[in-house]
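Novice: Sharing a model prediction with you, sequence too.
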2 protein chains.
Amino acid sequence: MRILVVEDDRKIANAIKKGLEQESYAVDVSFDGMDGMGSALAFDYDMVILDRMLPEVDGIKICEALRKNKYKNPILMLTAKDKIKDRVEGLDAGADDYLTKPFAFEELLARVRALLRRPHQIQEDILRLGDLSLNRQTFEVERTDKKISLSSKEFALLEYLMRNPNRILTKDNIIAHVWDYDADVLPNTVEVYIGYLRNKIDKPFPKSKPLISTARGFGYR
Amino acid sequence: MRILVVEDDRKIANAIKKGLEQESYAVDVSFDGMDGMGSALAFDYDMVILDRMLPEVDGIKICEALRKNKYKNPILMLTAKDKIKDRVEGLDAGADDYLTKPFAFEELLARVRALLRRPHQIQEDILRLGDLSLNRQTFEVERTDKKISLSSKEFALLEYLMRNPNRILTKDNIIAHVWDYDADVLPNTVEVYIGYLRNKIDKPFPKSKPLISTARGFGYR
DNA sequence: TCAAACTCTCAGCAAAATCTAAGCATTTAT
DNA sequence: ATAAATGCTTAGATTTTGCTGAGAGTTTGA
């Protein structure tokens, strides 16, 4: 899957590129609007992620131009604004979805997945690991058929962990994926949330084996 | 690949130069900010490594100026600070990545590699040597399919050794690559860690041939 | 509007990792 | 063969890392 990111802020652009590549998408970045439009039309991208506010041209304009030039694949619009009016504008211009900054990387990922979802690809909305299950549609989490209620941060963290089972995730990894990209949180905050999750996920189920383990010096699994 | 290092601290600058040259990059050093900026624009470097704190000009300023002057290749920023705010500042100024001092040389190398990585170059994340394998993504080490748990120093040391197989590495080499550049560790410390590694890597596998051998008077292989 | 829930930081305790030092073992040089 | 040099090993002091309870600040919703 090839994705083009058109975003002038290098920090955001690189964060998106890095993260999506980790998910094994092929990502190209364009820091410039006109350049990006050229690339989108010249190459065959499965998706374009487009910043709304670009230094020279408006993202809306690019979006309209792409659609006029028969670009059919999904366009995901990024924006700093949060007005419903802007959202409508974006969607009217032909964007398929809309995400306001700052966003947590996992949010972006979810939308990318949704947009790229093809009929033949069965997208799992329920993540399972042992006797633990997490439903991304209903935000329900269960273990041995007992419902567990989580806050949204806890949910996001657990989702990220469950999507990367049997892999050690560093605190930096976790912060980059679960928190907003410009969030300034301490590694200790991750420790605290891991603690919360353990209290809810592992502690009440002493019969099942703990699912969250610490790899000292590296991160969590 | 030509790399320019702009760093006023001669000790650090030379360490970086030496290390990168050993990896067969062509390295030039500039001890002065303005001078460095001139060189970066005059010559065609594939990458610039830029100290954040320079005696006259701020590294941030140089970074911005380079981008304004259409310098498009990666910029890696070095800094003593550790706040995410500073990191954001650096990335906003157009840097592509960010490394806080003190760092181990291998860390720098990893980032340089990542930034210079071209789409067609496949970066190997799993190092293998005989029946031993080391996964840099998951931090897992296995021998004959048995998992081995290492501390982070042991892991870093093994990674360095495995990246330089069949080559004699002196203790000074090892200290320079695996420890922070300003770390003041005794050669004996390396001996101790080699001992730890042998206990975990070679000792439990008497059937396989030992992978860590001593070249008395020189170092390890 | 107020209370409850949520997010995040801080401080102190515990445990693990890191590093040094000292004595012992092995190799090298004389 | 023996002294000197180099490497190995163990024990423990020091430093780092992770966990937890308490609480400040913020958001949410009744």
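Specialist: Perfect, thanks for sending it.

Novice: What are the buried residues along stretch A:28-46?
Specialist: Buried residues in stretch A:28-46, defined by neighbour count with 16 or more other CB atoms under 10 Å in any protein chain shown: A:28-33, A:36-37, A:39-40, A:45-46. Bear in mind the C-beta positions are built from the backbone N, C-alpha and C, glycine included.

Novice: where are the low-confidence patches of chain A?
Specialist: Within chain A, the stretches with pLDDT under 70 are A:81-87, A:117-124, A:217, A:219, A:221.

Novice: Might you enumerate the residues of it proximal to DNA strand C?
Specialist: Residues of chain A lying close to DNA strand C (CB under 7 Å from any atom of the strand) are A:149, A:151-154, A:179, A:183-186, A:188-189, A:192, A:216-217.

Novice: which of those count as buried?
Specialist: Burial by neighbour count, 16+ other CB under 10 Å: within the residues of chain A next to DNA strand C this picks out A:154, A:179, A:185, A:189.

Novice: which residues touch the first one?
Specialist: This means A:E154. Contacts for A:E154 (CB atoms under 8 Å, 6 or more residues apart in numbering or on different chains) come out as A:193, A:196-197, A:200.

Novice: quick one: which of the residues you listed is nearest chain B?
Specialist: Checking the contacts of A:E154 against chain B with CB to the nearest CB, the nearest one is A:Y193 at 17.2 Å.

Novice: near chain B, which residues of chain A show up?
Specialist: A:9-11, A:14, A:26, A:166-168, A:182-184, A:215-218 (CB under 8 Å from any CB of the partner chain).

Novice: can you tell me which of those residues are in helices?
Specialist: Of these, the ones assigned to helices by DSSP state H are A:10-11, A:14.

Novice: Could you dump those into JSON lines and include neighbour count?
Specialist: Compiled in JSON lines, those are given as follows (neighbours: other CB atoms under 10 Å in any protein chain shown):
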{"residue": "A:R10", "neighbour count": "19"}
{"residue": "A:K11", "neighbour count": "21"}
{"residue": "A:N14", "neighbour count": "20"}
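
Novice: Turn those into CSV, including distance to A:E21.
Specialist: CSV is the format used below for these (distance: CB to CB, whole Å):
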residue, distance to A:E21
A:R10, 16
A:K11, 16
A:N14, 10
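
Novice: Between the contacts of A:E154, identify the one with the most neighbours.
Specialist: A:L197 (22 neighbours; other CB atoms under 10 Å in any protein chain shown).

Novice: thought that one was touching A:L158?
Specialist: Yes. The criterion here is CB atoms under 8 Å, and A:L197 meets it with A:L158 at 5.9 Å.

Novice: Could you tell me which residues touch both of the two?
Specialist: Shared contacts of A:L197 and A:L158, defined by CB under 8 Å, 6+ apart, are found at A:L150.

Novice: Residues of chain A that sit close to DNA strand D?
Specialist: Residues of chain A lying close to DNA strand D by CB under 7 Å from any atom of the strand are A:171, A:187-188, A:191-192, A:194-195, A:198, A:214, A:216-219.

Novice: want to throw those into CSV with distance to A:A65?
Specialist: Listed next are the residues of chain A next to DNA strand D as CSV, based on distance: CB to CB, whole Å:
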residue, distance to A:A65
A:K171, 42
A:P187, 44
A:N188, 47
A:E191, 48
A:V192, 47
A:I194, 46
A:G195, 50
A:R198, 51
A:T214, 51
A:R216, 53
A:G217, 50
A:F218, 47
A:G219, 44
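
Novice: Closest to chain B out of these?
Specialist: Closest to chain B out of these is A:G217 (3.6 Å), distances taken as CB to the nearest CB.

Novice: so how far is B:L115 from the nearest residue to A:E106 once chain neighbours are set aside?
Specialist: Closest residue to A:E106 apart from its sequence neighbours, by CB to CB, 6 or more residues apart in numbering or on different chains: A:H177 at 5.3 Å. According to CB to CB, to the nearest Å, A:H177 stands 21 Å off from B:L115.

Novice: between the two, which one's more packed in?
Specialist: It is A:H177, of A:H177 and B:L115, that has more neighbours when counted by other CB under 10 Å, with 24 against 18.

Novice: now the helices for chain A?
Specialist: Along chain A, counting by DSSP H, helices occupy A:10-22, A:33-42, A:59-68, A:84-92, A:105-116, A:152-163, A:171-178, A:187-197.

Novice: now these as TSV including distance to B:L20?
Specialist: Listed next are these as TSV, based on distance: least, CB to CB, whole Å:
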stretch	distance to B:L20
helix A:10-22	22
helix A:33-42	31
helix A:59-68	39
helix A:84-92	45
helix A:105-116	31
helix A:152-163	35
helix A:171-178	24
helix A:187-197	29
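
Novice: Quick check: which of those helices is nearest to B:M77?
Specialist: Closest approach to B:M77 among the helices of chain A (CB to CB): helix A:10-22, 11.6 Å.

Novice: Now that closest one: buried residues?
Specialist: Result for helix A:10-22 [16+ other CB under 10 Å]: buried residues A:10-17, A:19-20, A:22.

Novice: Among the residues you listed, which one lies nearest to DNA strand C?
Specialist: A:A15 (16.9 Å; CB to the nearest atom of the strand).

Novice: was I right about A:L108 contacting A:K17?
Specialist: No. Using CB under 8 Å, A:L108 is not in contact with A:K17, being 11.6 Å away.

Novice: Would you check that the residue nearest to A:E106 makes contact with A:L20?
Specialist: No. The criterion here is CB under 8 Å, and A:H177 misses it with A:L20 at 11.6 Å.

Novice: Now the common contact residues for these two.
Specialist: A:L109.

Novice: Let me know the closest of the ones in helices among the residues of chain A next to chain B to chain B.
Specialist: Once CB to the nearest CB is applied, the member of these that ends up nearest chain B is A:K11, at 3.6 Å.

Novice: Now do the same contact list for A:S208.
Specialist: A:130-131, A:143-144, A:202.

Novice: Please tabulate these in TSV and include neighbour count as additional columns.
Specialist: Formatted as TSV, the contacts of A:S208 follow (neighbours: other CB under 10 Å):
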residue	neighbour count
A:G130	12
A:D131	15
A:R143	20
A:T144	12
A:D202	17
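
Novice: what phi and what psi does the backbone show at A:P102?
Specialist: A:P102 adopts backbone torsions of phi -80, psi 150, taken as degrees, to the nearest 10.

Novice: Could I get the CA-only coordinates of stretch A:107-119 as PDB?
Specialist: The C-alpha trace of stretch A:107-119 is given here as PDB (Å, rounded to 0.1, in the frame of the first residue of the first chain):
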ATOM      1  CA  GLU A 107      -6.200   7.700  15.700                       C
ATOM      2  CA  LEU A 108      -4.700   8.500  12.400                       C
ATOM      3  CA  LEU A 109      -3.900   4.800  11.900                       C
ATOM      4  CA  ALA A 110      -7.400   3.800  12.600                       C
ATOM      5  CA  ARG A 111      -8.700   6.100   9.900                       C
ATOM      6  CA  VAL A 112      -6.100   5.100   7.400                       C
ATOM      7  CA  ARG A 113      -7.100   1.500   8.000                       C
ATOM      8  CA  ALA A 114     -10.700   2.300   7.700                       C
ATOM      9  CA  LEU A 115     -10.200   4.100   4.400                       C
ATOM     10  CA  LEU A 116      -8.000   1.500   2.900                       C
ATOM     11  CA  ARG A 117     -10.300  -1.300   4.000                       C
ATOM     12  CA  ARG A 118     -11.300  -3.300   1.000                       C
ATOM     13  CA  PRO A 119     -14.300  -5.700   0.800                       C
END
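
Novice: I'm done for today, thanks for sticking with me.
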